[in-house]
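> A predicted structure for the sequence below; I have some questions about it.
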Amino acid sequence: MSEPDTLGEAVRRGFTADPKRVNSRWLYDDRGSRLFEEITELPEYYLTDCEREIFREHADDVVDRCPPGTELVELGAGSAEKTRHLLSALKRRQGSTTYGPIDISREALDMAVQRFADDDAIEVHPIEASFTEGLAKLGHDPATPRLIAFIGSSIGNMTPEAQRSLLREVRRHLGEEDRFLLGTDLRKDEAPMLSAYDDSQGVTAEFTLNLLRRVNRELDAEFDLGAFEHVVRFDEEKSAIESYLESQRDQTIAIDAIDLTVTFDEGERIHVEDAYKYTDEMLAALFADTGLERRASWIDEDGWFAVHLLAADER
Ligand SMILES: C[S@@+](CC[C@H](N)C(=O)[O-])C[C@H]1O[C@@H](n2cnc3c(N)ncnc32)[C@H](O)[C@@H]1O
């Protein structure tokens, strides 16, 4: 079943499922996007630092492997803080470039647009849409090669089926000259992975609890945020960090805008996010299953995060 495109439908379906769940895309309202930006600055959230290090050192190499005149498109751009290294490398090589950030969050797109507002050499065309809608909306001039970026290990927040479905969609949009840049977090010891999603200042907890705040505001509900706790665990078999909101007591909540009443037992959880952590085998299977051929990979000094340059395989 495809993911609902309204919060009301997502909550109706997810909160009446057993176990309860909701897709992590709904975490990103304006406040959620600002909180995510704060998360990227936390000492525990190593993902951003590792990937930034890769771009700082290898952005020119990435660009050198793309044809002249390449423009950049980015899925789930967020505030585009790391993307600036890729755009600077494109500018160094070709003087100017075009950038198309795609994101469901207006706040994230505003941050991305603002970042390059004073730079005449970067023409920004934001698209407020989901990944698949955004890809469909892109006009394609075959004469202009594209680099489609999907970084920050956002791929890891999707189910394995959704990861494959999206990468196949990207593959369909890749012409011979186009390239795809994918950032993936790598499997490592459990401790740093758990702290990245449950930091000491409680920002990641605020981020997941914000889902209930959003449901209160947009769907006229009365969730008591103090009656839920942010909980994370690593599932070895899935190779994913799972984030949950756990009910701290038996409770019944009315969600008026969708005419739904939901009951929670003490200790019952809502699954709000997965963050898959990749091994070489998982990555090789992912690329083989989706028709993508790896042209290069870069890894940070600690071996914690990897960025891959891919092209459509010859079929
Ligand atoms: C984990 S953040 C990564 C942001 C940024 N790329 C980075 O590396 O820091 C995911 C971003 O994707 C956006 N997003 C999540 N689900 C989406 C979807 N289905 N379609 C479009 N954007 C989505 C969110 O609004 C958010 O800005």
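Received, thanks. Everything numeric in this text was worked out from a predicted model, so none of it was measured. Numbering: from 1, shown residues only.
> in the protein, what residue is nearest the ligand?
Per C-beta to the nearest ligand atom, residue 152 is where the chain lies closest to the ligand, at 2.1 Å. Quick note: C-beta positions are derived from backbone N, CA and C, even for glycine.
> correct me, but residue 88 touches residue 62?
No: between residue 88 and residue 62 there is no contact under C-beta atoms under 8 Å: 11.5 Å.
> which non-adjacent residue is nearest the residue of the chain closest to the ligand?
Leaving aside its chain neighbours, residue 152 sits nearest to residue 183 (5.7 Å; criterion: C-beta to C-beta, 6 or more residues apart in numbering).
> the one you found and residue 33, how far apart?
Applying C-beta to C-beta, to the nearest Å, the value for residue 183 to residue 33 is 18 Å.
> one more: residue 59?
Taking C-beta to C-beta, one finds residue 59 at 24 Å from residue 33.
> near the ligand, which residues of the chain?
Residues of the chain lying close to the ligand by C-beta under 6 Å from any ligand atom are 25, 28, 33, 36, 40, 76-78, 82, 103-105, 108, 130-131, 151-152, 154.
> among those, name the ones in helices.
The members of these that map onto helices under DSSP state H are 33, 36, 40, 108, 131.
> next one: phi and psi at the residue in the chain sticking out farthest from the centre?
Using C-alpha atoms, centre = their mean, the residue of the chain lying farthest from its centre is residue 250. It sits 32.7 Å away. Backbone torsions of residue 250, given as degrees, to the nearest 10, read phi -70, psi 130.
> go on, residue 269?
Torsion angles, degrees, to the nearest 10, at residue 269: phi -120, psi 150.
> again with the one 3 residues further on
With angles defined as degrees, to the nearest 10, residue 272 shows backbone torsions of phi -110, psi -20.
> that one touches residue 245, doesn't it?
Yes: shown here, residue 272 and residue 245 form a contact pair, counting by C-beta under 8 Å, at 5.9 Å.
> overlap of the contact sets of those two?
Counting by C-beta atoms under 8 Å, 6 or more residues apart in numbering, the residues touching both residue 272 and residue 245 are 208, 211.
> strands of the stretch 1-150 of the chain, residue ranges please.
Here the stretch 1-150 of the chain has its strands, by DSSP state E, counting those that start in this stretch, at 20-21, 71-75, 97-103, 122-124, 127-128, 146-150.
> do the stretch 151-300 of the chain as well
For the stretch 151-300 of the chain, applying DSSP E, counting those that start in this stretch gives strands covering 179-185, 228-235, 240-247, 251-255, 260-264, 269-276, 292-299.
> cool, thanks, talk later.
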